[in-house]
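Undergrad: prediction below, plus the sequence it came from.
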Amino acid sequence: MDQEITQAHFNEETFKVYQRRLFDEAELLQTQLSEGRFSDIGDIGGYELESWLVDHNYFPSPINQSFLTRLNNPLVVPELSRFNVELNGAPLPLQGNVLSALSRELNQNWQQCQDVAHGMDSVLMMVGILPTVRQADLCLANMSDSKRYRALNEQVLMQRAGRSLHIRVDGREILDIDHPDVMLEAATTSFQIHLQSAQRDAVRYFNASIIAAGPLLAAAGNSPLLFDTDLWDETRITLFEQSVEIVDESSLENHRVSFGQGYAKDSLFECFAHNLATHPVLLPILMDSPPQQFAHLRLHNGTIWRWVRPLIGFDPDGTPHLRIEQRILPAGPTIADMMANAALYFGLARFLASLSDAPESRLSFEQARNNFYAAARDGLRAPMTWLDGSTTDAKTLLLEEILPMAQNGLKTLHINKPDINHYLGILETRIQTGQTGAVWQRNYREKHQADSLRLVAAYLERQRSGAPVHEWGL
């Protein structure tokens, strides 16, 4: 979804040609995977950070194109709305001081972006859902100037026969609204972590990432409010799932955003085969690249937003590789918090993928999915079922089981001990105190009877300090 396109409207013949190329590339992918021709290089990590541009009145600032022109950094790119941008990090081997190196790079890029934003009477902000965003802000006039986004909106609405999207969230309060386009997706910003895996380990890492999703999200909630309504700890999850929902011809829901359909069994090709079997093409962009680039297959995969998504990429020498994109985490509250979340993911995924008794044989996919949605709703209070079949609250599970597993996994990756202690220490204290970003937002709002403007002002002040959220005062 990161490439620009040259057209926004497509005829029936274009869809047919695209479909043929899609199936040809899928057949080639199956062959190359069965022959073991994908990269044997693994344990490489990277990230994408989606961020808000906010004006001095604490409302969304729709200036991303002029901001990006002035910034002139190829690693910072537009997002769906004019008030969002995305910062990308260079992938690094998961060893040594990689966590502090990723943090250092992100801090440098973030500061460069802030300097440019300040010169435009705006500021960048890391938060899952901006408390001051209004439904009126999420309109086509604020869509980024990109044909691919216009085409995406057109195709989603076409497959919905022009019907508006209906959003209902039952949380601490209830939100029930209709919206005419896909722009509600722009309200959900995330910190996405990439984990490249050697082909031989890809199934285990993919399944481990699914199992890790619930506990990881429970420790990281930062999206409790939408349109002044108190909903889930991670309202972003249910909002994104509903914001691009498609109804097919048989009136059955076809979820473009979901937790997936199950664990992988023999190959990640199963995910791509499921894409072809169940999800209609949204963007039939015909490309001149050879089939070995899997361009059409990758674009189609890019319009199906599994929370744990397999990706195809390429090593520097052109060898294709497999990556897992962990999409569940919100942006913020600080870079230190996000790097702590990344440490937890990398360590836990490594530990679970390395167990001699595959954990996916002990925790059903349905249990992992239930853990995930419970975490999205209730954060550290969520009930969690774990590998031995026991059920406890997420806070206890994280402290007693998950953090030791993550520490073990980071050690086997040969991450430096000071990095392990620092970032997992942030996680441990956050969990012990119970103060995630979602909890802080709710508590500040309640204590001060604060409106969204005051909440954003206080949040930004603390975010600028760089202190992890468990240290934020009310």
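TA: Perfect, I can see it now.
Undergrad: select the longest strand from this structure.
TA: For the chain, the strand with the greatest residue count under DSSP state E is strand 44-55.
Undergrad: just the mean pLDDT for that one, thanks.
TA: For strand 44-55, the mean per-residue pLDDT is 98.
Undergrad: and for stretch 220-232?
TA: Average pLDDT, stretch 220-232: 98.
Undergrad: may I see the buried residues of it?
TA: 220, 221, 222, 223, 224, 225, 226, 227, 229, 230, 231, 232 (16 or more other CB atoms under 10 Å). To be clear about C-beta, it is placed using only N, CA and C from the backbone, and glycine gets the same treatment.
Undergrad: same thing with stretch 207-224?
TA: Buried residues in stretch 207-224 (16+ other CB under 10 Å): 207-224.
Undergrad: the residues you listed in helices, which ones?
TA: Those of the buried residues of stretch 207-224 mapping onto helices are 207, 208, 209, 210, 211, 212, 213, 214, 215, 216, 217, 218, per DSSP state H.
Undergrad: include distance to residue 124 when you put the residues you listed into TSV, please.
TA: Formatted as TSV, these follow (distance: CB to CB, whole Å):
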residue	distance to residue 124
207	35
208	32
209	28
210	31
211	33
212	28
213	27
214	30
215	29
216	24
217	24
218	27
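Undergrad: what are the ranges of the strands in the stretch 101-250 of the chain?
TA: 122-125, 165-170, 174-179, 191-197, 225-226, 229-230, 246-247 (DSSP state E, counting those that start in this stretch).
Undergrad: coming back round to it: what's the farthest-apart pair in the buried residues of stretch 220-232?
TA: For the buried residues of stretch 220-232, the maximum inter-member distance is 22.3 Å, found between 220 and 227 (CB to CB).
Undergrad: which residues sit against the helix or strand where residue 424 lies?
TA: Residue 424 is part of helix 417-433, with elements assigned from DSSP states H and E. When contacts are defined by CB atoms under 8 Å, 6 or more residues apart in numbering, helix 417-433 is touched by residues 97-100, 219, 336-337, 339-344, 347, 380, 395, 398-399, 403, 406-407, 410-411, 436, 468-470.
Undergrad: residues touching residue 82, list them.
TA: Residue 82 neighbours (CB under 8 Å, 6+ apart): 62, 63, 64, 65, 142, 143, 144, 145.
Undergrad: residues near residue 176, how many?
TA: 10 (other CB atoms under 10 Å).
Undergrad: list the beta-bridge partners for it.
TA: residue 168 (DSSP bridges).
Undergrad: I figured it hits residue 229, correct?
TA: No. Counting by CB atoms under 8 Å, residue 176 does not reach residue 229; the two are 9.7 Å apart.
Undergrad: hey, what's in contact with both of those two?
TA: Common neighbours of residue 176 and residue 229 (CB under 8 Å, 6+ apart) are residue 169.
Undergrad: could you list the low-pLDDT ranges of the chain?
TA: For the chain, the stretches flagged by pLDDT under 70 are 1-9, 247-254.
Undergrad: hang on, the earlier thing: for the helix or strand that the longest strand of the chain is followed by, buried residues please.
TA: Note on strand 44-55: by DSSP H and E, the next helix or strand toward the C-terminus is helix 64-71. Residues 64, 67, 68, 71 are the ones in helix 64-71 that count as buried (16+ other CB under 10 Å).
Undergrad: now swap in stretch 44-59 and tell me
TA: 44-55, 58-59.
Undergrad: also stretch 313-332?
TA: Neighbour counts using 16+ other CB under 10 Å place 313, 320-332 of stretch 313-332 among the buried residues.
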